[in-house]
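below: sequence and its predicted model.
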Amino acid sequence: MIKIVKATEADIVSIAEIGRQSFLEAHESSAPKETLNSYLDKNFSKEIIRTELADSSNHFYLIYYNNNIAGYSKIVFDGMHANIPSNQTTKLERLYLLKDFYGYQLGYKLYQFNLALSKKNNQKGMWLFVWVENERAINFYKKIGFKIVGLYDFEISATHSNPNHQMLLRY
């Protein structure tokens, strides 16, 4: 059984843990281990997740599979960026799924949920950043209609950045 629910403050620990694990699984070869661990400590602490959840512009949703949290998403409506032609475009900031839940179409279902929510909120498209070497994610996004529209240097630390594709889906 699949269920998608809006995250609450009670979900902070789960979001932080899934965020850390998913980011590390997707990026473990992208930077030295110490650099990645520092990034994870800074960006997926309980305090940071609490702050992000409290910000009304951020929308977090958890996806459950057979009553187990499988992943989560974070979207921001009207997510402005220089490469994006409309201010009515949703930023898909995170679509994280634990490896144990690959193969069940959960990422796609969570994406569809966010797409419907985006359209309901009068958005004209959706955009995201994805590491250029994350072929699994790039292929997923291309398959559902996203196009590469630019490049972005994603800062892992003051001395390390990873090249990311910026991808856009118009609707």
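Arrived safely, thanks for sending. Numbering: from 1, shown residues only.

in the sheet, who's paired with the residue most central in space within the chain?
Closest to where the C-alpha atoms of the chain average out (C-alpha atoms, centre = their mean) is residue 94, at 0.9 Å. In this entry, residue 94 is beta-bridged to residue 74, by DSSP bridges.

one more: residue 150?
Beta-bridge partners, per DSSP bridges, of residue 150: residue 166.

check what pLDDT it gets.
Residue 150 is assigned a pLDDT of 95 by the prediction.

wait, it touches residue 85, no?
No - taking C-beta atoms under 8 Å as the definition, residue 150 is not a contact partner of residue 85, at 11.5 Å. Backbone N, C-alpha and C define where each C-beta goes, glycine included.

tell me the spacing between residue 143 and residue 70.
20 Å (C-beta to C-beta, to the nearest Å).

please say which of those two ends up with more neighbours.
residue 70 (23 against 9; other C-beta atoms under 10 Å).

and residue 33, how many residues sit next to it?
Neighbours of residue 33 (other C-beta under 10 Å): 9.

distance of it relative to residue 109?
33 Å.

same check, this time on residue 86
Counting by C-beta to C-beta, the gap from residue 86 to residue 109 is 26 Å.

ramachandran angles for residue 100?
When quoted as degrees, to the nearest 10, the phi and psi of residue 100 stand at phi -60, psi -20.

what do you get for the one 3 residues further on?
According to degrees, to the nearest 10, the main-chain angles of residue 103 amount to phi 90, psi 0.

now it: how far from residue 65?
With C-beta to C-beta as the criterion, residue 103 and residue 65 are 11 Å apart.

more neighbours, those two?
residue 65 (18 against 8).

pLDDT score for the more buried one?
Reported pLDDT for residue 65: 98.

repeat for residue 38
Per the predicted model, pLDDT is 96 at residue 38.

quick check on it: phi, psi?
Phi and psi for residue 38, reported as degrees, to the nearest 10, are phi -60, psi -40.

ok, it touching residue 157?
Yes - at 6.2 Å, residue 38 counts as touching residue 157 under the criterion of C-beta under 8 Å.
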